[in-house]
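*Asks:* make a model of this:
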Amino acid sequence: MKKIIIMLAAFGVLFGASSVHADTSVKIQVQNRTDGVPVEITSDEAPELKNNRVMVPFRVISEQLGAKVHWSDQEVVLIKGDTRVSLRSGSDMAVVNRETVQLEAAPYVKNDRLMVPLRFVAEVFDCEVRYENRTVTVTTKPFAIDGVNVKAFLLETAVINGFVVEDVVGNSYFEELYRTIETGKGEAVEPPAGTVPEYGLADPGDFYPFAKYDFLDQSGGSIRRYEVYTKRLADGEPSLEYYLIHAAHEDQWYKFDTEAPYKIWNLKGTAAKQGYGSGPGS
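*Replies:* Okay, the predicted model is just below:
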């Protein structure tokens with residue numbers, strides 16, 4: 001945490017010594033795509049310099065970094081992985097994993113948008129921040145599984161007689177996608193008695209693929225692949241309490257939380273909206 005405080009102080013010196021004034025526009029780009037293409041932050045409320053600190057709309061930067069957001073009265077909480085950050089409008093104190101940290105600039109509300117200090121939010125989630133030629137660049141770090149950097153997350157969603165294939169290419173989203181899959185897994189189970197490749201071939205009682213997830217390496221090879229199966233129900237049969245998921249890397253079946261696929265779908269949608277995907281909705 002001392003590192004965060006020192007970095008914040010250094011950022012204040014940097015901008016305090018510069019010739020940038022409060023009325024100067026600031027461009028912010030995020031180096032988060034695994035193909036190296038920068039994404040420029042855009043929103044209905046532009047980033048701005050206030051007292052020589054770069055302030056950005058809170059929701060925009062949190063979505064760029066793949067963090068979850070929770071609002072409670074005047075407090076906003078960001079959660080990503082094991083990091084939890086609490087901020088309050090008008091307060092120059094933040095709480096990071098139960099440790100209080102002083103901010104260089106207090107968050108404030110402008111046109112119904114909470115503006116927060118960019119560098120603090122970025123660096124607390126382990127990003128690098130650099131300022132040059134009136135452009136602030138936020139660079140995320142690669143996410144690795146078993147020491148292998150992830151290049152892309154491939155999501156295949158079942159439709160009638162096939163799958164829709166989409167991908168995510170943003171470093172900041174891989175960890176949360178992986179965590180959602182792994183935490184959604186329940187107890188290990190035996191393989192289902194009957195599986196078919198698609199819904200159209202399933203009889204009541206058969207399991208068929210609902211979604212497929214694949215984390216790919218730099219060459220396009222699979223690091224982790226999962227297949228989620230659901231069962232075709234007979235008339236009057238109650239809804240499933242859980243799906244089944246097959247983890248290919250260990251050739252093991254597990255119970256799978258029925259909410260997890262929708263959380264993954266929402267993460268994919270947010271990533272695509274922010275410029276970190278391709279396919280429908282990107």
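
*Asks:* if I read this right, residue 231 contacts residue 207, doesn't it?
*Replies:* Yes: when contacts are counted by CB atoms under 8 Å, residue 231 is listed as touching residue 207 (5.1 Å). Yep, even glycine has a C-beta here, placed from its N, CA and C like the rest.

*Asks:* quick one: common contacting residues for these two?
*Replies:* residue 192 (CB atoms under 8 Å, 6 or more residues apart in numbering).

*Asks:* pLDDT weak spots in this structure?
*Replies:* Judged by pLDDT under 70, the chain has its weakly predicted residues at 1-25, 279-282.

*Asks:* so where do the helices sit in it?
*Replies:* For the chain, helices defined by DSSP state H occupy the ranges 2-17, 58-64, 118-124, 171-184, 260-273.

*Asks:* now do the buried residues in the fourth one.
*Replies:* Counting neighbours by 16 or more other CB atoms under 10 Å, one finds that the buried residues in helix 171-184 are 171-178, 180-181, 184.

*Asks:* can I get the residues you listed in JSON lines with distance to residue 239?
*Replies:* Rendered in JSON lines, the data for these read as follows (distance: CB to CB, whole Å):
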{"residue": "171", "distance to residue 239": "36"}
{"residue": "172", "distance to residue 239": "34"}
{"residue": "173", "distance to residue 239": "29"}
{"residue": "174", "distance to residue 239": "31"}
{"residue": "175", "distance to residue 239": "31"}
{"residue": "176", "distance to residue 239": "27"}
{"residue": "177", "distance to residue 239": "25"}
{"residue": "178", "distance to residue 239": "27"}
{"residue": "180", "distance to residue 239": "21"}
{"residue": "181", "distance to residue 239": "22"}
{"residue": "184", "distance to residue 239": "17"}
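
*Asks:* thinking again about what came up before, most tightly surrounded among the helices of the chain?
*Replies:* helix 118-124 (a mean of 24; mean count of other CB atoms under 10 Å).

*Asks:* what comes into contact with it?
*Replies:* Contacts to helix 118-124, defined as CB under 8 Å, 6+ apart, come from residues 4, 7-8, 11, 28, 47, 53-56, 58, 61-62, 65, 78, 83, 85, 94, 96, 101, 103-104, 128-129, 136, 138.
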